[in-house]
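> 3D, please:
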Amino acid sequence: MPTVASPRLHHLALTVTDLDASMRWYEDVFGVTFQMDGPHPGGVGKVLADDTWELMIVLHHHDTNDANDFAETTTGLDHAGFAVPSRADLEAWQTHLEANGVTRSDTADKPLTQSPIADEAYGSVLVFRDPDNIQLELFAPPAT
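Sure, this is the predicted structure:
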């Protein structure tokens with residue numbers, strides 16, 4: 001049996017309720033910029049990427065969207081996780097997120113909230129939510 005190459009994340013595609021507001025938020029938070037439209041039946045996708053196209057986030061609007069907040073307790077996406085090199089980077093992200101309207105909270109359980117950094121045996125995690133309540137995480141490996 002042939003060996004297959006390990007896949008890497010190519011892009012993250014999310015359905016949002018307010019495309020313009022979400023584009024601004026993702027551009028400000030992740031440093032990506034609008035690259036192109038991706039029209040599809042019943043809506044449009046907006047491709048955002050960094051200068052090297054190593055981080056791509058595609059925000060989709062569907063004409064039939066019911067405008068409800070995201071809930072990871074239903075079938076589908078639970079959350080998206082991104083890696084950073086160290087816990088110190090997570091601390092810098094806390095401040096960066098606050099500057100972009102993501103308030104600190106005991107738990108990240110509402111849109112535009114962030115949790116305290118959780119230090120676990122496997123690493124440190126910062127949980128936060130986008131304007132549609134989609135859960136995002138930043139992960140740093142344990143200190144060596």
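
> quick check, Glu27 in a strand?
No. Counting by DSSP: H, G, I helix; E, B strand; the rest coil, Glu27 is not found in a strand; it is helix.

> Tell me the spacing between the residue lying closest to it once chain neighbours are set aside and Ala13.
Closest residue in space to Glu27, ignoring its immediate chain neighbours: Thr33 at 5.9 Å, by Cβ to Cβ, 6 or more residues apart in numbering. C-beta: built from backbone N, CA, C; applies to glycine. In this view, Thr33 and Ala13 are 17 Å apart by Cβ to Cβ, to the nearest Å.

> Likewise for Trp25?
From Trp25 across to Ala13, the span is 16 Å (Cβ to Cβ).

> where does Leu97 land in three-state SS?
Assignment for Leu97 (three-state DSSP): helix.

> ok now do it, which residues does it touch?
Val29, Gln114, Phe128 (Cβ atoms under 8 Å, 6 or more residues apart in numbering).

> Also Asp69?
Counted by Cβ under 8 Å, 6+ apart, Asp69 has contacts Pro111, Asp132, Asn133.

> what residues are up against Asp37?
Contacts for Asp37 (Cβ under 8 Å, 6+ apart) come out as Val44, Gly45, Lys46, Val47.
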